[in-house]
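1. A structural model of the following input is requested.
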Amino acid sequence: MIQQRVLIKGATILTMDSAIGNLSHGDVLIEGARIKAVEPLIDIEDAQVIDATGMILLPGFVDAHRHAWQGSLRRLLPDVSDLMSYVERIHFGLALHYRPEDIYTGNLLTAWSAIDHGITTIIDASHNTRSYAHANAAIDALEAAGIRALYAPAFPLGGEWERSFWTKGLELLQAERFGSDGLVRLGIFSHMSTDHWDVARSLRIPIVTEFLGRELADSLRYLAAAGKLGPDNIFNHCTGLTEEAWRIISDKGVKVTVDPRSDAQYGLEEGVFAYQHAVDHGIRPGLGTDLETAYGGDMFTEMRVAFSLQRAFAQQRRFQGDTAAPAPVTSEALLRAATVHGAEIAGFGPVSGSITPGKSADLILINTDAVNLFPSNNALGTVVHAADRSNVDTVIIAGKILKSKGELIGADLNKLKQEAAQSVAYLLEKEKHPTGDPV
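-> Numbering: from 1, shown residues only. Model prediction:
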């Protein structure tokens, strides 16, 4: 069987592959789902040609921390400033009334919006898995959009839920829904419960945990001594940790995702994302948007906030005479966090995250002809500091074109908009909240 071939021609290529480097002008050949070649010039016949003149080609972004089920609750709490206010309204309120169809709509909206923004992979920490039907609905939505994802279900924080899901439901999900080569893979989103971690390890799936504060940090020495920490652990946030905790995380190969906006918005410990602590200990962190109940979910903004925060705090330390102040972060470092490092954290490192022959064709094209981008004098600077959703011309996941010439392909947005509105109306009515006004 002859595989479909797509030839992307004439792009500025940011490969995120140190062995290949970047190309100021080059071509990429895709055969089927995979990248076949990356060269300054590829001349072949019988290929669909994408003219990428004036565009920047790079790996798709990886959102390494997203709660996709909350897609329909966007900006419900734009000024929330502490974690418990969010938990009370969302987890102890609206989440209690979620039906499988509400999960499906939230996940589908999140997935299509992510693709529209150039995000080709997410870690979906799904902490409202009230039943096996809810889990199936979440997976159905991710698969319907065609996004790559690590789907990590978790039991709800409040209300009634199908307790038999843990752990029999996980085992059934793995058997019924997940193969070894699918775009969506199974993980587990668990708090500090080593019983659940043991279940995950029996299934050989990654463990995602919200990890912050000195109390949790102090528990690491005991977990490490008991052999409970390893590269299958993914810790989100990591704010307020001790130096000892960071050493243990690094020594045990635990993966780390940092959240530039979320940590400040929700007042998590010191409110400063833990990027610098991670890199100081030899860890390559990914970036996460966390959730959209307060703000938008895109990696362009996340990279810019990360850049400004790291620069601000590094400069503050230098100004105060700290001779050990870190060097200013670079645009390339943050683009790596948003691509190849995120892919490694999600378990897709061998498959995606860089433009490397043999890897999956998870790629995006940024059109620099728009007035907010031209002239594009530096490709890294253009992507990290100036581009936005409107500049994402093309999105390809596993060789399938899901956005072309700035338009999503295969998304029924009118239907999705109606379903999201209906879902929110149902949830607000069930909650009987007095302030359902959108203003």
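
2. can you pull out the helices in the stretch 51-200 of the chain?
-> 83-86, 100-116, 132-145, 170-177, 194-203 (DSSP state H, counting those that start in this stretch).

3. among those helices, which comes closest to residue 56?
-> Of all the helices of the stretch 51-200 of the chain, it is helix 100-116 that lies closest to residue 56, at 17.3 Å by C-beta to C-beta. All C-beta atoms are positioned from the backbone trio N, CA, C, and that covers glycine.

4. can you name every helix or strand that that closest one contacts?
-> If you count contacts as 3 or more C-beta pairs under 8 Å, 6 or more residues apart in numbering; DSSP states H and E, helix 100-116 packs onto strand 61-66, strand 119-126, helix 132-145, strand 392-397, strand 400-404, strand 407-408, helix 413-431.

5. strands paired with the fifth one, and their directions?
-> Strands that pair with strand 400-404, judged by DSSP bridges, come out as strand 392-397 (antiparallel), strand 407-408 (antiparallel).

6. and the ones you listed as JSON lines, adding mean pLDDT and distance to residue 9?
-> JSON lines is the format used below for the strands paired with strand 400-404 (pLDDT from 0 to 100; distance: least, C-beta to C-beta, whole Å):
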{"stretch": "strand 392-397", "mean pLDDT": "98", "distance to residue 9": "12"}
{"stretch": "strand 407-408", "mean pLDDT": "98", "distance to residue 9": "21"}
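
7. among the ones you listed, which is the most enclosed?
-> strand 392-397 (a mean of 25; mean count of other C-beta atoms under 10 Å).

8. what are the contacting residues of it?
-> Residues from elsewhere that reach strand 392-397 (C-beta atoms under 8 Å, 6 or more residues apart in numbering): 6, 30, 50, 55, 60, 115-118, 120, 146-148, 183, 360-367, 401-406.

9. separation between residue 428 and residue 84?
-> Distance of residue 428 to residue 84, computed by C-beta to C-beta, to the nearest Å: 21 Å.

10. okay, those two: which has more neighbours?
-> For the pair residue 428 and residue 84, the greater number of neighbours falls to residue 428 (17 against 12), based on other C-beta atoms under 10 Å.

11. any idea which helix or strand carries residue 8?
-> strand 5-13 (DSSP states H and E).

12. okay, and for this protein, where does confidence drop off?
-> Scanning the chain for pLDDT under 70 picks out 1-2, 433-439.

13. walk me through the domains of it.
-> For the chain, automatic domain parsing gives the domain ranges 5-59+353-408, 61-346.

14. on that earlier part again, helices or strands next to the strand holding residue 8 in the packing?
-> strand 23-31, strand 48-51, strand 55-59, strand 363-367.

15. all helices of the stretch 201-350 of the chain, in order?
-> Using DSSP H, counting those that start in this stretch, helices in the stretch 201-350 of the chain cover 214-225, 243-251, 260-265, 275-280, 299-319, 331-337, 340-346.

16. just put those in TSV and tack on distance to residue 39 and mean neighbour count.
-> Shown next, in TSV, are the helices of the stretch 201-350 of the chain (distance: least, C-beta to C-beta, whole Å; neighbours: other C-beta atoms under 10 Å):
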stretch	distance to residue 39	mean neighbour count
helix 214-225	46	15
helix 243-251	38	17
helix 260-265	36	22
helix 275-280	33	21
helix 299-319	28	18
helix 331-337	22	21
helix 340-346	20	28
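
17. of all those helices, which lies closest to residue 139?
-> Nearest of the helices of the stretch 201-350 of the chain (C-beta to C-beta): helix 340-346, 15.7 Å.

18. start and end of stretch 272-288, how far apart?
-> 14 Å (C-alpha to C-alpha, to the nearest Å).

19. so for the chain, the centremost residue is which one?
-> residue 63 (1.4 Å; C-alpha atoms, centre = their mean).

20. which residues touch it?
-> Counted by C-beta under 8 Å, 6+ apart, residue 63 has contacts 114, 119, 121, 122, 123, 287, 288, 289, 297, 299, 342.

21. these into TSV, with extra columns for distance to residue 139?
-> What follows is these, written out as TSV (distance: C-beta to C-beta, whole Å):
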residue	distance to residue 139
114	16
119	18
121	15
122	13
123	14
287	24
288	20
289	20
297	20
299	23
342	21
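
22. nearest to residue 233, of the residues you listed?
-> Once C-beta to C-beta is applied, the member of the contacts of residue 63 that ends up nearest residue 233 is residue 123, at 12.9 Å.

23. state the number of residues packed around that closest one.
-> Residues contacting residue 123 under the criterion other C-beta under 10 Å number 31.

24. check residue 97 too.
-> Neighbourhood size, residue 97 [other C-beta under 10 Å]: 15.

25. residue 46 contacts residue 5, correct?
-> Yes: with contact defined as C-beta atoms under 8 Å, residue 46 reaches residue 5; the gap is 6.4 Å.

26. settle it for me: which of those two has more neighbours?
-> A direct count of neighbours by other C-beta under 10 Å for residue 46 and residue 5 places residue 5 higher, at 17 against 8.

27. still on that earlier bit, in TSV: the helices and strands packed on helix 100-116, plus distance to residue 384.
-> Shown next, in TSV, are the helices and strands packed on helix 100-116 (distance: least, C-beta to C-beta, whole Å):
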stretch	distance to residue 384
strand 61-66	11
strand 119-126	15
helix 132-145	26
strand 392-397	14
strand 400-404	20
strand 407-408	24
helix 413-431	28
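
28. want to throw the strands paired with strand 400-404 into JSON lines with distance to residue 275?
-> Shown next, in JSON lines, are the strands paired with strand 400-404 (distance: least, C-beta to C-beta, whole Å):
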{"stretch": "strand 392-397", "distance to residue 275": "24"}
{"stretch": "strand 407-408", "distance to residue 275": "31"}
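
29. of all those strands, which one is nearest residue 206?
-> strand 392-397 (20.1 Å).
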